[in-house]
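>>> Below is the sequence, then the predicted model.
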Amino acid sequence: MLYASGIRVAELCGLDVTGFDADRQVLRVRGKGDKERTVPVGAPAVRALDDWLARRHLLAAPEAGKALFVGDRGARIEPRVVRRLVHRALSGVPGAPDLGPHGLRHAMATHLLEGGADLRSVQEILGHSSLATTQIYTHVTTERLRTAYTQAHPRA
């Protein structure tokens, strides 16, 4: 979900069941400054969320309230638990870098830009108030363009 949506770990932990719209394939996210935004997610993430929601009741304790994600004690999951889970999951993938939740957010933004998404759309998805903050993600893309240019252009 972190990679699919590009949301911050605190935003993921703050999601409520009512904030997921499977039909429209979006999440309603409350971000920094208590600003709310709607973030699209792809079909694989929607399927995973549907599967999770079918089992959520097995773990959720009354104190979880409307929390979309709960931890093993049944309460709303906490950011430090998510960080630990992300590191653990990626350590089991051969050749995967050791990323945390923010690394997944960065990868998602970079992949959107490399795929042709415009900077303003990525800004909206990430919940950045300033376009300058989003432009940081173009650095990796520019480096890859320069590498490709250097390798392929006969006069580079």
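Yep, that arrived. Numbers count the residues shown, from 1 in each chain.

>>> hey, which helix is longest across this protein?
As assigned by DSSP state H, the longest helix anywhere in the chain is helix 43-59.

>>> same for that one, what does it pack against?
Other elements packing on helix 43-59 under the criterion 3 or more C-beta pairs under 8 Å, 6 or more residues apart in numbering; DSSP states H and E are helix 2-5. The C-beta positions use only the backbone N, C-alpha and C, and glycine is treated the same way.

>>> For the helix it packs on, name the packing helices and strands.
For helix 2-5, the elements it packs on are helix 43-59, helix 101-114, judged by 3+ C-beta pairs under 8 Å, 6+ apart.

>>> What is the least confident helix or strand in this protein?
One helix or strand of the chain scores below all others by mean pLDDT, DSSP states H and E: helix 138-152, with a mean of 78.

>>> how far is that helix from where the chain is centred?
25 Å (C-alpha atoms, centre = their mean, to the nearest Å).

>>> List the contacts of it.
Under the contact criterion C-beta atoms under 8 Å, 6 or more residues apart in numbering, helix 138-152 has outside partners Thr110, Leu113, Glu114, Leu119, Ala156.
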